[in-house]
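Trainee: Have a look; sequence and predicted model below, questions after that.
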Amino acid sequence: MASSPSVYHQGKHNPFTQRFRKIDAIRTALRTAVAEELAQQTEERRRETHRVNAENKRRSATAAAAALDGKTDSSGIFPGRDSDGYGSEVSISVPCRLGCDGTASRTRSAGSSGGRAVSRPRDRLVELLSTAACVKQASASPDKAFGWRVDSGDGPEGEQEGASGVASTCGGRRDGHDRGPTPPPAAASVSTESQSVLASAGAKGGGAKTGVRFLEDILRLGPKGSRSNDAGGALPNPKRKSHPRRGGCKGEASRTQTHKKPRQGTGAVSGPFSGLSLCVVHLGSVTNNTIKTFKRGVCDGGGHVSMRFTPGDTTHIVADASLAASWEKLDNYFSGWGGVDDLDDAVNGGRVGLKSGMMPEGVPIVSNEWLSECLRRSVVVATDAYRLIPPPHRSAPVAASSAAAARQQQRSSTPDNQSIAAGGGILPAAAAAAAAAAGHIGLASSTRLTAARNEVRGGSTQGTAGQSTVAADLESMAVKGGFGARNPDVGKKRHTFHCQSTTNSRGHAVNSEAADMLEDLAKLCAVRGGDGSVFKERGFKNAAGVLKRLGVQITNIQQLKDLRKHEPQRVRGLGDSVMKELATFYEEGRMYRLDELEADPKLKCLKIFQEVGWVGAVKAQQLYDQGIRSIEDLRTKGLHLLSEQAQICLNRHEDITQRMPRSEAAEIEAVVTRVAQSICPGACGSYRRGKSHCGDVDVLIRPPEGQEDSPVFDDLIKRLVETGFITDKLTLAGSPHKPGKSQSFMGICKLPGKGRLHRRVDIKFYPTSLFAFAVLYFTGSSHFNRSMRSFAKIKGLKLSDKGLCRVNTVNGEEVHRFPSYSCLREEDVFTALGLEWREPKDRDGVQVQAFCSKGEGGATELSGRVVPVTLEQEQQHQALLEQDRLEASDYEDAELQQQE
DNA sequence: CGCCAGGCTTA
DNA sequence: TAAGCC
DNA sequence: GGCG
Ligand SMILES: O=c1ccn([C@H]2C[C@H](O)[C@@H](COP(=O)(O)OP(=O)(O)OP(=O)(O)O)O2)c(=O)[nH]1
Ligand SMILES: [Mg+2]
């Protein structure tokens, strides 16, 4: 039924925007004279700033040098320098508040000993984070390259002191073997960065192993398996029935094929490709459109093409040739994450082996070129020249930590939801501060947090749950098969899940083929860059979503045209441009624009380049212009063309382009929060939204109670670096700590032990007063954020991670900003905006609630009440309600708000 | 034809 | 200021 | 690219 057209996706289709602009002007006029004046001043200040900036620029190098003088920040990592005086005054003797367990005091001493050793934390950090050297070394010897230890001659005793101090504090139990049964082969050469870092750290005194032990201690997954907080680990997974997908494996693909294709019954046909049953891997340059083309050709020749692997049936696996270089991707692909952005098991209850489950031996893996050749010549060409051979050693995947991981697994939903009655929400800043001081910490004190976290959310176990379903027996196979083993908690099932893919019984399996193609189109728009590319990308993406959510299988362009005429709401977002593509799609199965873009070899390159972090459309084009054509080229001859961050990302490319299973994100979160003394709500981002796989881990840290200004963050990062957990720094902002300011670190980390991949991690710190805004922001999704901010905007407010402020604007330009409302809890922000609370899991761009809706595909019915499916609907609704009030009270509303 | 979130680092 | 990222 |  009522599908849920997204009112907001971009563009000013918001009916209230315009109207608001009028109000905007009026309101502005009505603001007090004081405000006006202030605004004026602000404007003046702004100009002044510009002037000064310009001047500074002129003084360029000299100025920069001058700015830096006095401090030792030669690396420039801490642009904040000492001028503010915080740097050298930071006390690190008490890094954080006491933990709740006995370890607190020990840790504390660790902190202080480290502090003593490093009398100038900032300089230390600078040194530790100095990547220039790392990068340089990296190209030389990748293995050790990223040892953070830049042996700038600084006090080695500082290092080791720190390290040994730390070690000793944890030394409560230090038994003999640290590393446990480390397989002898390659143990030395394979030593991870963290080890090497620690090794060098400890070399002078403690010995590497002590250091290593430290991290393991933090993790509590040392050899002895001493674990920590697990109490209710909730390991056993409720077995979940996977509803056998309905019918034929041929979703709509065949449907569309029916158009032109006389394609008839399967196997019986005898053609050049009869007997061929291909499993096509949707990765790399093999796109939806490619697959479609393959399908068309092979099916016509009597063969069969699927994206699923069917043991005993599949004769060949076809994958992008470039995957041979990064086998992890294939591995990951068959481990269960389809690459299909989490329709999410978190919601659907586990999609385990989306593609298949695992990958057995014996079936040849061939490059897509083979298939192209076959199609071109209409014969089955010999595969010899096209075989993709897996690397011989495929190390056994890490299974060790999975138990711990599982324990962590199910959290995500957070504390701060319990709605509070009235008064609680918005307080004047002063009152808020008082409240906070009085202990009324809105957003989850850590205890509250843990409690809340432990409650298992609906089907969230599924990461583990899903697979447990049928999985057992494949375990062995997984290991020897060499393929999808890496992720122990990913399901493996055999003949299960034959059909059926990304959606569950209900709703949106519909139109997915067209939708997928539109998404590819979106991607290519982004890759190509240029003016408005972001919006084109979103435009296509949005259109894809609209189509998927339509709830009706479209087989004919006329259907859409009719809808457009009679129920325009349902197809909002499908404009002329998209309709044109859809028309050809439904008529002949092609989107010309897509074909064209995909045929462009340059775009293929650009797309690949842009998979590297910090390489965007512009840089990619430059690289191309320089004759670079592949990642390999980039590595061999293009390094110097890349920014420092891009170089790092390139180095870690194969690892960090993989999304990680939720369980691993949980482990990473655990390390960070533990080192930080659990002063935090933990991971946000996709993790908090309950996704089964995360692109990175976004950890939020808050000040310990009563120590608003302790340098927790710097301390945390320092330790994570020393410990070898953080292997690379991408950006660091806001260090050293300044009261009331946020800080952030973006970098790369790696869990200890073999078989681990490097992962992207973002760590942020916000003062208590901003915390609610920070959690909201950092939890996302980005679409949700844009949407909410957009909503705030039409109400004359500006929402960001730094607060929610009333703003005065003139012609859309901000002219004055009032101080932020105070919101102590995430929920308060919703309230302040007049929006209903939304669980993190419901903050993904789209629908999602296949979860609660047992019943329908469209709007959700929950306890008799219709719940808006998208924020946009909510907005519209709210906006309508608000409209009158806004109009009526605009005047006083304006009054109501000024102090400054 | 203007707008599409807002803030931050790096070069 | 542009490019890139969250 | 879609919307108002
Ligand atoms: O353009 C953006 C990108 C991100 N964010 C916020 C929301 C997002 O959830 C959070 C973390 O960003 P990230 O890129 O990690 O996204 P994610 O939602 O965590 O997804 P992924 O699993 O890809 O990390 O930062 C934005 O507000 N705007
Ligand atoms: Mg993330």
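Mentor: Arrived safely. Ligands and ions are numbered 1, 2, ... in the order given.
Trainee: Find the residue closest to the residue of the stretch 451-600 of chain A found nearest DNA strand C in space, skipping its chain neighbours.
Mentor: Closest to DNA strand C within the stretch 451-600 of chain A is A:Gly529: 6.4 Å, counting by C-beta to the nearest atom of the strand. Glycine gets a C-beta too; all of them are placed from N, C-alpha and C. Excluding the flanking residues, the one nearest A:Gly529 by C-beta to C-beta, 6 or more residues apart in numbering is A:Ala617, at 2.5 Å.
Trainee: isn't that neighbour right next to A:Asp531, touching?
Mentor: No. A:Ala617 lies out of contact with A:Asp531 (C-beta atoms under 8 Å); the separation is 10.8 Å.
Trainee: Among those two, which residue is more densely surrounded?
Mentor: More neighbours surround A:Ala617 than the other of A:Ala617 and A:Asp531, with 17 against 7 (other C-beta atoms under 10 Å).
Trainee: What score does A:Ser93 have for pLDDT?
Mentor: On pLDDT, A:Ser93 comes in at 20.
Trainee: cool, and the one 10 residues further on?
Mentor: At A:Thr103, the pLDDT value in this model is 23.
Trainee: Check A:Lys260 too.
Mentor: For A:Lys260, the pLDDT comes out at 35.
Trainee: Compute the number of surrounding residues for the closest residue to A:Lys750 other than its chain neighbours.
Mentor: Leaving aside its chain neighbours, A:Lys750 sits nearest to A:His758 (4.8 Å; criterion: C-beta to C-beta, 6+ apart). Neighbours of A:His758 under the rule other C-beta under 10 Å: 23.
Trainee: Could you do the one 3 residues further on as well?
Mentor: Residues within reach of A:Val761, counting by other C-beta under 10 Å, total 28.
Trainee: doesn't it fall inside a strand?
Mentor: Yes. A:Val761 forms part of a strand when assessed by DSSP: H, G, I helix; E, B strand; the rest coil.
Trainee: What is the neighbour count of the residue of the stretch 651-800 of chain A found nearest ligand 2?
Mentor: As assessed by C-beta to the ion, ligand 2 sits closest to A:Gly685 within the stretch 651-800 of chain A, at 3.1 Å. Close neighbours of A:Gly685, defined as other C-beta under 10 Å, add up to 22.
Trainee: Need the nearest residue in space to it, chain neighbours excluded.
Mentor: Once flanking residues are discounted, A:Gly685 sits nearest to A:Asp698: 3.4 Å by C-beta to C-beta, 6+ apart.
Trainee: Can you pull the poorly scored residue ranges out of the stretch 551-700 of chain A?
Mentor: Counting by pLDDT under 70, the stretch 551-700 of chain A shows low-confidence ranges at A:678-680.
Trainee: ok, back up a step: and the residue nearest to A:Gly529, what is it in contact with?
Mentor: For A:Ala617, the contacting residues are A:Ala526, A:Val527, A:Arg528, A:Gly529, A:Gly530, A:Ser533, A:Leu606, A:Gln610, by C-beta atoms under 8 Å, 6 or more residues apart in numbering.
Trainee: which one of those residues sits closest to ligand 1?
Mentor: Checking the contacts of A:Ala617 against ligand 1 by C-beta to the nearest ligand atom gives A:Ala526 as the nearest, at 12.8 Å.
Trainee: Now, the contacts of A:Ala617 that are in helices?
Mentor: Applying DSSP state H to the contacts of A:Ala617, the entries found in helices are A:Ala526, A:Val527, A:Arg528, A:Ser533, A:Leu606.
Trainee: Which positions in chain A make contact with ligand 2?
Mentor: For chain A, the contact set with ligand 2 under C-beta under 5 Å from the ion comprises A:Gly685, A:Ser686, A:Asp696, A:Asp698.
Trainee: Tell me the one among these nearest to A:Val366.
Mentor: Closest to A:Val366 out of the residues of chain A next to ligand 2 is A:Asp696 (32.7 Å), distances taken as C-beta to C-beta.
Trainee: Tell me how many other residues crowd that closest one.
Mentor: By other C-beta under 10 Å, neighbour count at A:Asp696 equals 21.
Trainee: What's the local residue count around the nearest residue to it once chain neighbours are set aside?
Mentor: In this structure, A:Asp696 finds its nearest non-sequential neighbour in A:Arg760, 3.6 Å apart by C-beta to C-beta, 6+ apart. Neighbours of A:Arg760 under the rule other C-beta under 10 Å: 24.
Trainee: from the contacts of A:Ala617, which would you call buried?
Mentor: Burial by neighbour count, judged by 16 or more other C-beta atoms under 10 Å, picks out A:Ala526, A:Val527, A:Arg528, A:Gly529, A:Ser533, A:Leu606, A:Gln610 from the contacts of A:Ala617.
Trainee: if I look at the first one, how far off is DNA strand D?
Mentor: Taking C-beta to the nearest atom of the strand, to the nearest Å as the criterion, A:Ala526 is separated from DNA strand D by 11 Å.
Trainee: got it, and the fourth one?
Mentor: Spatial separation of A:Gly529 from DNA strand D under the definition C-beta to the nearest atom of the strand is 13 Å.
Trainee: Let me see the contact set for that residue.
Mentor: A:Gly529 is in contact with A:Gly616, A:Ala617, A:Val618, A:Ala620, A:Gln621, counting by C-beta under 8 Å, 6+ apart.
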